[in-house]
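1. Sequence plus the predicted model coming up.
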Amino acid sequence: MADRLTYLDYAASSPLRKEALDAERAYDEGAFAGANPNSLHTSGRLAARALDGARRTLAQALGSGFRPSDVTFTSGGTESNNLAVLGMAEGARARERRRTRVVLSAIEHDSVLDLVGPLRERGFEVELVRPDRDGVVRPEALSELLDDSCALVSVMYANNETGVIQPVSQIADLVHKSGALFHTDAVQAFCHVPLELGSTDAVSVAAHKVGGPVGVGALAVRGRAPLRPQSFGGGQELGRRAGTQDVRGALAFAAAVSACTGELVATRDLVCSRARSLCEKVCTPGSGVVATSSVPMGEGRLPGIVSVMVPGLDSETLILSLDQAGFEVSAASACSSGSLDASHVLLAMGIGRDEALGSLRISFDERVSEDALDRFAHTLLNIVAERAQGRRR
């Protein structure tokens, strides 16, 4: 076992930033700690004012004309996606009864794809659009599924496994020509690249992907877009989401967002350079490691996600070997009931199951040094070489 661990799974959850921790401490020591922001007394009003400030910070970071009143705080990206897809589909159908179809990309996060069943139970027809071999959902492939029966289309801003960025602004314009609504899951992209949301109707984000606390997220929905609430009992968040808001979490989320957006372009370029260097080191000819997509790093992919495969080896073996050597990464594959399943994202891209079973996702931000990444590359290549030699014996 290595003496120290190098965490390289930021796409799953990133370490809490100092700014977020400071915001939590300031709240705990402040005059309105624990106060309900929906109460009329002084502490309640102070809490509400602080919550509105956090809302403004998120709206400004999203840009594209989103207003503070458009931002609804949630418990995270999963709830935001659930509320957006179910709520907007039902809202669109309530406005126009013929809107009974929902289109999702085949590479969405499970918090979107697992809604296929509930949508069908509620009377919607659901169709999936596949990406091309590089993991890009092309507008022309989507256009074939759009007509006046479509209620909602949801395509993520950037994939959480491959890091490939989607042409969201173009897709939003295309979707609106059919009269449908458009939602994007930007949980992985928010605060890592400048968002170009165009006329997107709704966008989901989460705090723990940007150095904020776990259990806090937001859904921004433009005021014109119909949204049916999916929880009931209090009328908070303008009636969109019931339940007393987590002011402490919202303030920490806003603090992390401010820390990220202040130097976003410079940070993006730095992380992209490190990711490109890492990819070049591990994906050399004959290394046994290949990239999952040929989309250039920095032009069409998130800067801090390196997605690779090791054909002939399985993700579980690689992850455990790397963990033993002191490096924590994740797989695009999922382990369920003791069996390793190939990633639905890689399969949708047309990658063979045997290759997909050997996938790895290495993810980080500017807080991971180039030296740490160099040591990881050296370790991974050694593990792959040793395993290949063992198979030849």
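-> Everything's here; your move. Residues are numbered from 1 along each chain as shown.
2. what stretches of the stretch 251-393 of the chain score poorly on pLDDT?
-> Along the stretch 251-393 of the chain, segments meeting pLDDT under 70 span 332-340, 390-393.
3. and if we set it to 80?
-> 298-299, 332-340, 388-393 (pLDDT under 80).
4. How about the stretch 1-150 of the chain?
-> Filtered on pLDDT under 80, the stretch 1-150 of the chain yields the residue ranges 1-3.
5. how about the strands of this protein, start to end?
-> Here the chain has its strands, by DSSP state E, at 6-7, 71-74, 101-105, 125-129, 150-154, 181-185, 202-206, 217-221, 290-291, 305-309, 327-328, 334-336, 339-341, 359-363.
6. And the helices in this protein, which stretches?
-> With DSSP state H as the criterion, the chain has helices at 18-28, 42-62, 77-95, 110-113, 116-121, 139-143, 168-177, 247-261, 264-282, 315-324, 344-348, 353-356, 370-392.
7. As TSV, the strands of the chain with mean neighbour count would be great.
-> Using the backbone N, CA and C atoms, a C-beta is placed for each residue, glycine as well. Below are the strands of the chain laid out as TSV (neighbours: other Cβ atoms under 10 Å):
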stretch	mean neighbour count
strand 6-7	18
strand 71-74	26
strand 101-105	24
strand 125-129	16
strand 150-154	26
strand 181-185	29
strand 202-206	30
strand 217-221	28
strand 290-291	16
strand 305-309	26
strand 327-328	19
strand 334-336	12
strand 339-341	12
strand 359-363	26
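8. now those in TSV, with distance to residue 194?
-> Output for the strands of the chain, formatted as TSV (distance: least, Cβ to Cβ, whole Å):
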stretch	distance to residue 194
strand 6-7	26
strand 71-74	18
strand 101-105	22
strand 125-129	25
strand 150-154	21
strand 181-185	14
strand 202-206	13
strand 217-221	16
strand 290-291	24
strand 305-309	17
strand 327-328	29
strand 334-336	31
strand 339-341	35
strand 359-363	19
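9. got TSV for the helices of the chain, with mean neighbour count and distance to residue 228 too?
-> Output for the helices of the chain, formatted as TSV (neighbours: other Cβ atoms under 10 Å; distance: least, Cβ to Cβ, whole Å):
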stretch	mean neighbour count	distance to residue 228
helix 18-28	17	32
helix 42-62	18	21
helix 77-95	24	4
helix 110-113	18	17
helix 116-121	14	13
helix 139-143	15	24
helix 168-177	18	19
helix 247-261	25	23
helix 264-282	18	34
helix 315-324	17	39
helix 344-348	21	28
helix 353-356	16	37
helix 370-392	15	45
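10. thinking again about what came up before, closest one to residue 370 among the strands of the chain?
-> Closest to residue 370 of the strands of the chain is strand 6-7 (Cβ to Cβ; 12.2 Å).
11. which outside residues touch the closest one?
-> Residues from elsewhere that reach strand 6-7, judged by Cβ atoms under 8 Å, 6 or more residues apart in numbering: 15, 326-328, 368, 372, 375-376.
12. so how far is stretch 302-309 from its chain's centroid?
-> Relative to the centre of its chain, stretch 302-309 is centred 14 Å away, using Cα atoms, centre = their mean, to the nearest Å.
13. Residue 218: which of the helices of the chain is closest?
-> helix 42-62 (5.5 Å).
14. now for the closest one, which elements pack on it?
-> Helices and strands touching helix 42-62, by 3 or more Cβ pairs under 8 Å, 6 or more residues apart in numbering; DSSP states H and E, are strand 71-74, strand 202-206, strand 217-221, helix 247-261.
15. what about these, which gets the closest to residue 235?
-> In terms of Cβ to Cβ, the element of the helices and strands packed on helix 42-62 nearest to residue 235 is strand 71-74, at 12.4 Å.
16. The closest one pairs with which strands?
-> If you go by DSSP bridges, strand 71-74 pairs up with strand 217-221 (antiparallel).
17. what's in contact with the strand it pairs with?
-> For strand 217-221, the external contacting residues (Cβ under 8 Å, 6+ apart) are 58-59, 62, 66, 70-80, 83-84, 88, 187, 201-207, 227, 240-241, 253.
18. now do stretch 24-34
-> 43-44, 46-47, 50, 213, 247-248, 251-252.
19. how does it look with 7 Å?
-> For stretch 24-34, the surrounding residues in contact (Cβ atoms under 7 Å, 6 or more residues apart in numbering) are 43, 46-47, 50, 247-248, 251-252.
20. Pull up the distance across that stretch, start to finish.
-> Start to finish, the residues bounding stretch 24-34 are 12 Å apart (Cα to Cα, to the nearest Å).
21. ditto for stretch 242-251
-> Stretch 242-251 has its terminal residues 19 Å apart, counting by Cα to Cα.
22. how far is that stretch from where the chain is centred?
-> With Cα atoms, centre = their mean, you get 21 Å for stretch 242-251.
23. Next: stretch 198-210.
-> 8 Å.
24. Over it, what's the mean pLDDT, rounded is fine.
-> Averaged across stretch 198-210, the pLDDT comes to 97.
25. For that stretch, C-alpha coordinates in CSV please.
-> Extracted in CSV, the C-alpha atoms of stretch 198-210 (Å, rounded to 0.1, in the frame of the first residue of the first chain):
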residue,chain,number,x,y,z
GLY,A,198,-27.8,30.1,-26.0
SER,A,199,-31.5,29.8,-25.7
THR,A,200,-31.4,26.7,-23.4
ASP,A,201,-34.6,26.6,-21.3
ALA,A,202,-33.1,24.9,-18.3
VAL,A,203,-29.8,23.9,-16.9
SER,A,204,-28.8,21.6,-14.0
VAL,A,205,-25.6,22.2,-11.9
ALA,A,206,-24.2,20.7,-8.6
ALA,A,207,-21.9,22.1,-5.9
HIS,A,208,-19.6,19.1,-5.3
LYS,A,209,-18.3,19.0,-8.9
VAL,A,210,-16.8,22.5,-8.4
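26. Reformat the helices and strands packed on helix 42-62 as TSV; add distance to residue 20.
-> Output for those, formatted as TSV (distance: least, Cβ to Cβ, whole Å):
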stretch	distance to residue 20
strand 71-74	15
strand 202-206	13
strand 217-221	14
helix 247-261	4
